[in-house]
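Student: Have a look at this fold, sequence not included:
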């Protein structure tokens, strides 16, 4: 049955391409996917592969603006009700037609507690079928970034799930896997032909796709290669065509290679230091009974003492954009005129410390991951040296992400490094998680440095529901400036994540670091 | 004999229980798997819910008892990273690791013995000196560096061999083999050299020393006095007697090869158990790590048992001693 289906698909692809040769793109990155189930794991690599096979109602275009995908159009019936008109004549890879039932089914499925993808439909209280090609989403409250949340809400076929007994995402207790975790059946530009864990994933172009592929790639072979050196060797030896997750120290050398080219791009991620600005007494400090980071002058000194240009040049080997805001330039809400990089001014910093009563500096702990962000530990080492120049004695504790994040989440730190990517490409996502007073749910969900500012809370709560774009942008701007001027964080830079490829490969850079093969050309 | 085996099996079970316990208690320091599963952006409620679902809120000894109870039945639970049964994942990776280890071991054994014999017989030739110098490199260079150097030379510069992976494989039932395709065989060359190089140099040096020792003994002198050909003296008399310690070492090293395949597999993206283990560590995937360590412990225990039995069979003196002790 399955074999027959693939044969048919292959034949169709053959016929559609006018007997042209298959164009193969061999792509290597660091990690393998965890599952093929689109509602199971909120994991970057998994999502970046699955978006080839599964589609959402709305997707990002090349500039990360929302454009129609499985929904041909939509309108807002009321501030809390959105109506989607579904695209007609769309078929899943197994041939079953796409309809409103599949949206309803997928909505129920993604909300199952075994999965970790619910954040993408938070705030949606219900989905109602109006007719076979119209659905209504009801929201708990007005949500200006609602559509941006939906881009990873992938639609699965209800009939296929029933046929393969994949209605449940995963039952941890039952000790078995569902069919959908090893097989995919979406509506997307590519179908997943096979997945051999840690070896390869083979994708083939979907000949019946409703949209047109911009590129010419008809087959994608994805290979996870864990070791940095091996991944680069694979590209140099010609075994693969495209490599993402480049180690920074190799980028300059790859640029020199006549057979290769580098596609530069900025990821939507800010790397920053979060000092504990809320505790009454700073942990691990030699100042007892008070918290120096509560003093704006000390926080400003932290920022002035950092030589971001040196970090860019030496530590990052040019692969960063020094920044003064907590969101990267490709995130909505960013504005060049407010992104003022704090000047490198150690003398000024020293003066501020003296004014605050810490002429001799003080001691604190800096927690850093050493396997998460580009050159994370090295950046922290540089910071320790820079702060030492103004008398601040930071003790560096660099660990694997696991123990590191456990400490941070238990507030067992006086300052820590973090990188924040913005999945929705909207500033609210960062402000709400990092700068909103911590309560329940998404409010302050990653605010472990105890930022609590009544003015910010008010601004953030207002922008959550403000539907007027202009007013909302003003709120965001105000909040970003407040965060900047209060020096709640030490923003360092926006990470650059170039991709390397052979000269004959062309594709569009994606700021979420997830290549989409529909844009790729191999000539 | 039976009592001997039974006693060894009981010891083996104890060893594995201990390994499991140590593994389990160590892994608590790797980090919270729930965090990895949910990612940075999850809410605290999500985390609590999943922690309860996975039983990670229970005390450590309860979790361990559950693990042992299931492990006895061959069940190692569900991988937290891939959400699949661990036993299936390990079984899927087993062929790749075993094939690699086997080729590496055979390579190490054959090349090691040949080189060992040669360097013992032609002690002063320049070629022997060169081989010895080379073996020094093999002993002292770390595996990952050797792997990277081989990739650089044979994949990047010369372009003769693939830089990573296992090539095309053929499925024989649940066993996927790379022995039956050209690309599979080609892909085996670099990793197996990398993996077996240390053992090869070890065996070479062992054989050489033993051989030199044996060549000095009286019975070799007598054999020469009897006018036997060099060939008979060297290979029928001397080599045979050097092999007893070689068997022991090879047996023990086979376990080491399987266990240390971790590094080689990571360098070459060889889809075996070692690679699985490394990725599980980074994800704090406790069930997979515990199962892998128990399996490796099992390998060591079984290999040790087999070596003991072989020794028993090969060396008649052991049997005589034991028989004498019984009287």
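Tutor: Perfect, I can see it now. All values reported here derive from a predicted model rather than from experimental measurement.
Student: residue ranges with poor pLDDT in the stretch 351-500 of chain A?
Tutor: A:441 (pLDDT under 70).
Student: In it, what residue comes closest to chain B?
Tutor: Nearest residue of the stretch 351-500 of chain A to chain B, counting by Cβ to the nearest Cβ: residue A:402, 2.0 Å away. From N, CA and C alone the C-beta is placed, and that goes for glycine too.
Student: Point out the residues in the stretch 301-450 of chain A that sit beside chain B.
Tutor: Counting by Cβ under 8 Å from any Cβ of the partner chain, the residues of the stretch 301-450 of chain A close to chain B are A:371, A:400-406, A:409, A:420, A:423, A:433, A:440-442, A:445-446.
Student: and if we set it to 7 Å?
Tutor: A:400, A:402, A:403, A:405, A:406, A:433, A:441, A:442, A:445, A:446 (Cβ under 7 Å from any Cβ of the partner chain).
Student: ok, and the fourth one, which helix or strand is that part of?
Tutor: Just to be clear, that refers to residue A:405. helix A:401-409 (DSSP states H and E).
Student: Same check on the last one?
Tutor: Here residue A:446 sits in a region with no helix or strand, counting by DSSP H and E.
Student: neighbours around it, how many?
Tutor: For residue A:446, the neighbour count with other Cβ atoms under 10 Å in any protein chain shown is 22.
Student: For it, grab phi and psi.
Tutor: Phi and psi for residue A:446, reported as degrees, to the nearest 10, are phi -130, psi 30.
Student: doesn't residue A:431 make contact with it?
Tutor: No. Using Cβ atoms under 7 Å, residue A:446 makes no contact with residue A:431, being 11.3 Å away.
Student: so where do the helices sit in the stretch 151-300 of chain B?
Tutor: For the stretch 151-300 of chain B, the helices defined by DSSP state H, counting those that start in this stretch cover B:182-215, B:218-225, B:230-231, B:240-268, B:273-283, B:286-314.
Student: Please work out which of those helices is packed deepest.
Tutor: Using mean count of other Cβ atoms under 10 Å in any protein chain shown, the stretch among these with the largest mean neighbour count is helix B:273-283, at a mean of 24.
Student: packing partners for it?
Tutor: Helix B:273-283 sits against helix B:86-121, helix B:240-268, helix B:286-314, with contacts defined as 3 or more Cβ pairs under 7 Å, 6 or more residues apart in numbering or on different chains; DSSP states H and E.
Student: change it to 10 Å
Tutor: Counting contacts by 3 or more Cβ pairs under 10 Å, 6 or more residues apart in numbering or on different chains; DSSP states H and E, helix B:273-283 packs against helix A:401-409, helix B:33-38, helix B:86-121, helix B:240-268, helix B:286-314.
Student: That one vs helix B:286-314, what angle?
Tutor: 150 degrees (axes from the mean of the first three to the mean of the last three Cα atoms, to 10 degrees).
Student: orientation of helix B:273-283 relative to helix B:182-215 in degrees?
Tutor: 110 degrees.
Student: now stretch A:53-71, how far from the centre of its chain.
Tutor: 16 Å (Cα atoms, centre = their mean, to the nearest Å).
Student: Make JSON lines out of the helices of the stretch 151-300 of chain B and add mean pLDDT.
Tutor: As requested, the helices of the stretch 151-300 of chain B are exported to JSON lines (pLDDT from 0 to 100):
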{"stretch": "helix B:182-215", "mean pLDDT": "88"}
{"stretch": "helix B:218-225", "mean pLDDT": "83"}
{"stretch": "helix B:230-231", "mean pLDDT": "80"}
{"stretch": "helix B:240-268", "mean pLDDT": "83"}
{"stretch": "helix B:273-283", "mean pLDDT": "84"}
{"stretch": "helix B:286-314", "mean pLDDT": "80"}
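Student: okay, the ones you listed in JSON lines with distance to residue A:274 next?
Tutor: Below are the helices of the stretch 151-300 of chain B laid out as JSON lines (distance: least, Cβ to Cβ, whole Å):
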{"stretch": "helix B:182-215", "distance to residue A:274": "43"}
{"stretch": "helix B:218-225", "distance to residue A:274": "75"}
{"stretch": "helix B:230-231", "distance to residue A:274": "76"}
{"stretch": "helix B:240-268", "distance to residue A:274": "33"}
{"stretch": "helix B:273-283", "distance to residue A:274": "24"}
{"stretch": "helix B:286-314", "distance to residue A:274": "29"}
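Student: which ones are touching residue A:318?
Tutor: Residue A:318 makes contact with A:248, A:251, A:252, A:264, A:312, A:496, according to Cβ atoms under 10 Å, 6 or more residues apart in numbering or on different chains.
Student: chain center to the helix holding residue A:405: distance?
Tutor: On Cα atoms, centre = their mean, the centre of helix A:401-409 falls 19 Å from that of its chain.
Student: same for it, what does it pack against?
Tutor: strand A:363-369, strand A:393-399, strand A:415-421, helix B:33-38, helix B:273-283.
Student: Let's see that with 8 Å instead.
Tutor: strand A:363-369, strand A:415-421, helix B:33-38 (3 or more Cβ pairs under 8 Å, 6 or more residues apart in numbering or on different chains; DSSP states H and E).
Student: Hmm, residue A:498 is touching residue A:265, no?
Tutor: Yes. Using Cβ atoms under 8 Å, residue A:498 is in contact with residue A:265, at 6.4 Å.
Student: residues touching residue 310, list them.
Tutor: Since no chain was named, I'll use chain A. By Cβ atoms under 8 Å, 6 or more residues apart in numbering or on different chains, the contact list for residue A:310 reads residue A:382.
Student: my bad, the chain I had in mind was chain B
Tutor: B:247, B:251.
Student: what's the spacing between it and chain A?
Tutor: 35 Å (Cβ to the nearest Cβ, to the nearest Å).
Student: same check, this time on residue B:299
Tutor: 21 Å.
Student: Check the secondary structure at residue A:85 for me.
Tutor: strand (DSSP: H, G, I helix; E, B strand; the rest coil).
Student: what's the spacing between it and chain B?
Tutor: Distance, residue A:85 to chain B, using Cβ to the nearest Cβ: 30 Å.
Student: Let me know whether that residue touches residue A:71 as I believe.
Tutor: Yes. Between residue A:85 and residue A:71 there is a contact at 6.5 Å, judged by Cβ under 8 Å.
Student: The two: which is more packed in?
Tutor: Set residue A:85 next to residue A:71 and count neighbours by other Cβ under 10 Å: residue A:71 wins out with 24 against 16.
Student: Where in chain A is the helix or strand with the lowest mean pLDDT?
Tutor: The helix or strand with the lowest mean pLDDT-type score in chain A, counting by mean pLDDT, DSSP states H and E, is helix A:2-16 (a mean of 51).
Student: following that one, which helix or strand comes up?
Tutor: strand A:24-29.
Student: Which residues does the helix or strand that that following strand is followed by contact?
Tutor: For strand A:24-29, the following helix or strand on the C-terminal side (DSSP H and E) is helix A:44-50. Outside helix A:44-50, the residues within contact range by Cβ under 8 Å, 6+ apart are A:29-36, A:38, A:152, A:154, A:184, A:186, A:192, A:201, A:222, A:224, A:512-515.
Student: do the same with stretch A:453-472
Tutor: Residues contacting stretch A:453-472 (Cβ under 8 Å, 6+ apart): A:79, A:141-144, A:428, A:431-432, A:435-437, A:475-476, A:478-479, A:482-483, A:486, A:488.
Student: Around chain B, pick out the residues from the stretch 1-150 of chain A.
Tutor: Checking the stretch 1-150 of chain A against chain B by Cβ under 8 Å from any Cβ, the hits are A:31-32, A:34-35, A:40-43, A:113-114, A:116, A:118-119.
Student: May I have the distance across stretch A:48-55, first residue to last?
Tutor: Terminal residues of stretch A:48-55 are spaced 12 Å apart (Cα to Cα, to the nearest Å).
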